[in-house]
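Undergrad: From the sequence below, what's the structure:
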Amino acid sequence: MFSTQFWMLCSSTVLFMASFGMVMPELPGYLTMLGRSDLIGWIVGLFTVGAFFSRFVSGRIADHAGRRPVMLFGTWITTIAGLGYIGVGWIHGSDFLPWKGVPLAIWFFLLLRLLHGMSTGFRPTGTTAFLTDITPINRRGEALGYLGVAGNAGMAGGPALGSWLTVEYGYDAMFIGSSILGVLALFMTIRLPESLPQARPVLLKDLNIFKGPVLDWSSWPASVALLPVAFAFGTFLTITPDFVDSLGYVYKGSFNTIIVVASISMRFVAGRASDRYGRVPLLIIGGLLMACGMGGLAYADSKATATVAGLIYGASVGINMPTIFAWTADLARPGKIALALGTMLMALELGIGGGAVFSGYSFSGNLDAISGLYGICGIFGLISAVLMLVFRRRFS
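TA: Okay, here's the model as predicted:
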């Protein structure tokens, strides 16, 4: 049995993930309403840039000042961000002069996406490090699998709730709902104790990236394995709202829910399986499933075929993510788990951001481009599985 702290951590993770995840399916439509559908790739791209640069300090702070401050800071950001999007709409409806030919509301929106990304630059680093502190090593994969279930539960319920609120009550209702969920996550996180022995206050030197280590290269195999998975996810987040809209979905977030439910189902067994059979064999399976799922989405022309392909892709995510997190913790040097996790999560942001920007510019409203973009992700999944198979003895 896991501790009460573990289940409280998982519960706050559900709320946090639902808070920032619920806005994702509707932001492309919101940006289109603002008149700049050509910037759709930057919705995810700037978010990941903010998360990426946050990793330079979040891992260091978590290893020295504690896991709790890092989790709280990330949760605060997502709480405030929801209200910021309402401010974007207010600026859009006012007579503010454009800057460099771009409406001020667009600049504010892009800045907000950058800042919002800091929430995932901090919170997951602290959360995963906290979990490794309170979990026995022989149950690490299992525990990370359950934490992934919690995160996926938030990502399943959040988009569905966000789409419903948007359709029935408008964008502002969705943004307010996001902030409310952030507040609830914050209250639960405050109740968690610090898990790092001899934690000290955050110091100014912790923010100086030129003094002391900001990366831990021991996690490089897991980071490389994460890149194709993250690229596919960034592509999925960017083009799928328009894809499912073309298939006739009214609540676009409901398709995300299908993916996440499949991921949750797989996470119940994937973490424990990686503890028993090893990280690399699970990643080979995950890569093959990603290739099949993304390949299926490339050829899907109905809700039924898209659902089947989505379930396969979701299963791949449910295998890959907890396994990569557990592998990173295995590879980390003593006392550097948070730093190693932060380094690995930089690969996550690079992959997601690269996939989002590439697919956003390649798509640019052209539905005919979607099939090819899903196909590229499927090829990356196949390459990943082959490389893991070839080098499995070296990494085992």
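Undergrad: Phi first, then psi, for the residue positioned nearest the centre of the chain.
TA: By Cα atoms, centre = their mean, the chain has its centre lying nearest to residue 120, at 7.1 Å. In terms of degrees, to the nearest 10, the main-chain angles of residue 120 are phi -80, psi -10.
Undergrad: Test my guess that it contacts residue 51.
TA: Yes. If you go by Cβ atoms under 8 Å, residue 120 and residue 51 touch, sitting 4.7 Å apart. (C-beta placed from N, C-alpha, C; glycine too.)
Undergrad: any idea how far the residue nearest to the centre of the chain is from residue 55?
TA: Using Cβ to Cβ, to the nearest Å, residue 120 is found at 10 Å from residue 55.
Undergrad: Check residue 127 too.
TA: 14 Å.
Undergrad: Residue 197 too?
TA: Distance from residue 197 to residue 55, by Cβ to Cβ: 23 Å.
Undergrad: can you list the weak-confidence ranges in the stretch 101-250 of the chain?
TA: For the stretch 101-250 of the chain, applying pLDDT under 70 flags the ranges 101, 210, 212, 214, 250.
Undergrad: quick one, helices of it?
TA: 104-134, 140-169, 171-190, 220-246 (DSSP state H, counting those that start in this stretch).
Undergrad: Helix 104-134 and the second one, what's the angle between them?
TA: With axes from the mean of the first three to the mean of the last three Cα atoms, to 10 degrees as the criterion, the two stretches helix 140-169 and helix 104-134 enclose an angle of 150 degrees.
Undergrad: which ones are touching residue 72?
TA: 186, 189, 190 (Cβ atoms under 8 Å, 6 or more residues apart in numbering).
Undergrad: one more time with 7 Å
TA: 189, 190 (Cβ atoms under 7 Å, 6 or more residues apart in numbering).
Undergrad: same deal with the one 3 residues further on?
TA: Listed by Cβ under 7 Å, 6+ apart, the contact partners of residue 75 are 16, 123, 182, 185, 186, 189.
Undergrad: now the closest residue to residue 202 other than its chain neighbours: how far from residue 342?
TA: Nearest residue to residue 202, sequence neighbours excluded (Cβ to Cβ, 6 or more residues apart in numbering): residue 65, at 4.4 Å. Residue 65 sits 14 Å away from residue 342 when distances are taken as Cβ to Cβ.
Undergrad: same check, this time on residue 56
TA: From residue 56 to residue 342 the distance is 8 Å (Cβ to Cβ).
Undergrad: Name the residue in those two with the higher neighbour count.
TA: Set residue 56 next to residue 342 and count neighbours by other Cβ atoms under 10 Å: residue 342 wins out with 33 against 16.
Undergrad: From what I see, the more buried one and residue 125 are in contact.
TA: Yes. Under the criterion of Cβ atoms under 7 Å, residue 342 makes contact with residue 125 at 5.0 Å.
Undergrad: list the residues that contact both of these two?
TA: 55, 58, 59.
Undergrad: would TSV of these with pLDDT and neighbour count be doable?
TA: Formatted as TSV, the shared contacts of residue 342 and residue 125 follow (pLDDT from 0 to 100; neighbours: other Cβ atoms under 10 Å):
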residue	pLDDT	neighbour count
55	81	27
58	86	32
59	82	31
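Undergrad: wait, which of the residues you listed is closest to residue 235?
TA: Taking Cβ to Cβ as the measure, residue 235 lies nearest residue 55 of the shared contacts of residue 342 and residue 125, at 21.3 Å.
Undergrad: Count the neighbours of residue 246 for me.
TA: Residue 246 has 11 nearby residues by other Cβ under 10 Å.
Undergrad: show me the contacts for it.
TA: Contacts of residue 246 (Cβ under 7 Å, 6+ apart): residue 367.
Undergrad: and if we set it to 10 Å?
TA: 301, 367, 370 (Cβ atoms under 10 Å, 6 or more residues apart in numbering).
Undergrad: Could you rank those by neighbour count and give me the top one?
TA: Neighbour max across the contacts of residue 246 (other Cβ under 10 Å) = residue 370, 21 neighbours.
Undergrad: And the pLDDT at that residue?
TA: Turning to residue 370, the model gives it a pLDDT of 90.
Undergrad: Now do it against residue 240, distance only.
TA: 9 Å.
Undergrad: Need the overlap of contacts for those two.
TA: 297, 359.
Undergrad: nearest spatial neighbour of residue 30, skipping sequence neighbours?
TA: residue 171 is the one closest to residue 30 (Cβ to Cβ, 6+ apart), at 5.6 Å.
Undergrad: What distance do you get for the one you found to residue 139?
TA: Counting by Cβ to Cβ, the gap from residue 171 to residue 139 is 42 Å.
Undergrad: Could you check which of these two is surrounded by more residues?
TA: Neighbour count, other Cβ under 10 Å: between residue 171 and residue 139, residue 171 has more, with 20 against 15.
Undergrad: Counting by contacts, list what the helix or strand hosting residue 289 packs against.
TA: Assigned by DSSP states H and E, residue 289 belongs to helix 279-299. Where contact means 3 or more Cβ pairs under 10 Å, 6 or more residues apart in numbering; DSSP states H and E, helix 279-299 is packed against helix 220-246, helix 253-277, helix 303-331, helix 370-390, helix 392-395.
Undergrad: how much does it deviate in direction from helix 370-390?
TA: Using the same axes, to 10 degrees: helix 279-299 against helix 370-390 is 160 degrees.
Undergrad: Show me what the mean pLDDT comes to for helix 279-299.
TA: Mean predicted confidence for helix 279-299 is 94.
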